[in-house]
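Undergrad: Fold the stuff below for me.
(one chain, ligands or ions: 1)
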Amino acid sequence: MKKRSRKRIVTVTYGKVSYLDSPKRVTFAELLGTGEYKGRGHFPISAFAKREDRRSAYIRESGRATFRGRYPWHNTFLGDNASGIRTFADIGPGLPGGAPTTVEAREILPQTTKVMAVDIVGNFDNPDLRGRGIKMLKHSIVDGQLPEPVDAIRFAQVSRYLTGYERRRALRNIHSSLPEGGFLMSDNHIYQKTKRGFELIALQGVHWI
Ligand SMILES: C[S@@+](CC[C@H](N)C(=O)[O-])C[C@H]1O[C@@H](n2cnc3c(N)ncnc32)[C@H](O)[C@@H]1O
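TA: Predicted coordinates for the structure are as follows:
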C-alpha cells in the first residue's frame, strides 16, 4: 500500500521576527553551513578575476539585483533594537542599484544612528543617499575588517558571489568589525557576537502548521 505523505503548510509571516527563547551557539563552520553561506558559491567572483572588465561588469549587474521590501523582518528587528545600534553597516547593499534596503534601514533607525552602505562598486557619491544621511564606503569585506567598529552588520545575498575561501575571510572580518553583543543579520537568520563566537538569536517569522 502506498504511504500517504503528510501535508505540511508553511506560512512565512513577512516582517515578523521570531526571537529564540534561548540563543543557540553556532560555530563559524556551522555559520558557513547555514542557508546563506552554504555551497561553493553560485557565481564565484574569482572565476571572473582573470578579466578585470568582465569581473566588474558582473559585480555591477549583481549590484542591481535588489529591491525595496526585501527584508521587512530586518526592519522590524532594527526598530526593536534601535537603542543598542549606534552604527549600522549594510555590506554589499547593491550600491549600483541605489542600495534600497539601506534606505529602508535608514528610515527605521534614529537619525543619531550612523548608517553605512559598504560596497566594492557603485556611485560612492550618490547624492540621494548622501541627502538621506547614508555614508558610502568603498571596501571589500573579503580584504579586511571595517575601518571603524559597528554595532550591527547586514550581510545578505553577498556570500553567494564569493568562493568558500573568500566567505571564510569575509566572516572573520565581519566578526572582527563587531563588538561583543553586536549583531550579524543575514537573509533569514540574526546572530549576536559573544565571547566565544556567534549565537543565533532570531529567525524570520515562519510558522509550521
Ligand atoms: C545581489 S547584491 C545584494 C544586495 C542586497 N544586500 C540584498 O540582499 O538585496 C550583492 C552585492 O554584494 C556586493 N559585493 C560583492 N562582493 C563584495 C565584497 N567583497 N565586499 C563588499 N560587497 C561586495 C556587490 O557589489 C553587490 O552590490
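Undergrad: Could you tell me what pLDDT the model assigned to the residue nearest to residue 80 when sequence neighbours are not counted?
TA: Leaving aside its sequence neighbours, residue 80 sits nearest to residue 17 (Cβ to Cβ, 6 or more residues apart in numbering; 6.9 Å). C-beta coordinates here come from the backbone N, C-alpha and C atoms, glycine included. The per-residue pLDDT reported for residue 17 equals 86.
Undergrad: Please tell me I have it right and residue 17 contacts residue 71.
TA: No. Using Cβ atoms under 8 Å, residue 17 is not in contact with residue 71, being 10.9 Å away.
Undergrad: ok, the two, which is more surrounded?
TA: Of the pair residue 17 and residue 71, residue 71 is the one with more neighbours under other Cβ atoms under 10 Å, namely 25 against 21.
Undergrad: any idea how far the more buried one lies from residue 27?
TA: Counting by Cβ to Cβ, to the nearest Å, the gap from residue 71 to residue 27 is 25 Å.
Undergrad: Over to residue 86?
TA: Distance from residue 86 to residue 27, by Cβ to Cβ: 28 Å.
Undergrad: Looking at the two, which has the bigger crowd around it?
TA: residue 86 (15 against 11).
Undergrad: Where in the protein is the helix or strand with the lowest mean pLDDT?
TA: Evaluated with mean pLDDT, DSSP states H and E, the helix-and-strand set of the chain has its lowest mean pLDDT in helix 28-33, which scores a mean of 67.
Undergrad: Residue 194 contacts residue 178, correct?
TA: No. With contact defined as Cβ under 8 Å, residue 194 does not reach residue 178; the gap is 10.5 Å.
Undergrad: close to the ligand, is stretch 175-193?
TA: No. Stretch 175-193 does not reach the ligand (Cβ under 6 Å from any ligand atom); its nearest approach is 7.0 Å.
Undergrad: Same question for stretch 142-161.
TA: Yes. Using Cβ under 6 Å from any ligand atom, we find that stretch 142-161 touches the ligand at 142, 156, 157, 158, 161.
Undergrad: give me the element the first one is part of.
TA: Translated: residue 142. Assigned by DSSP states H and E, residue 142 belongs to no helix or strand.
Undergrad: Verify the stated contact: it with residue 164.
TA: No. Contact criterion Cβ under 8 Å: residue 142 and residue 164 do not qualify, at 11.7 Å.
Undergrad: more neighbours, these two?
TA: A side-by-side neighbour count of residue 142 and residue 164, using other Cβ under 10 Å, places residue 142 first with 21 against 15.
Undergrad: The residue nearest to the more buried one when sequence neighbours are not counted: how many residues sit nearby?
TA: With Cβ to Cβ, 6+ apart as the criterion, residue 142 has its nearest non-adjacent residue at 4.7 Å, and that residue is residue 166. Residue 166 sits with 19 neighbouring residues when counted by other Cβ under 10 Å.
Undergrad: Against residue 132, how distant is residue 166?
TA: From residue 166 to residue 132 the distance is 30 Å (Cβ to Cβ).
Undergrad: can you check residue 93 too?
TA: With Cβ to Cβ as the criterion, residue 93 and residue 132 are 13 Å apart.
Undergrad: So for the two, which sits in the more crowded spot?
TA: residue 93 (28 against 14).
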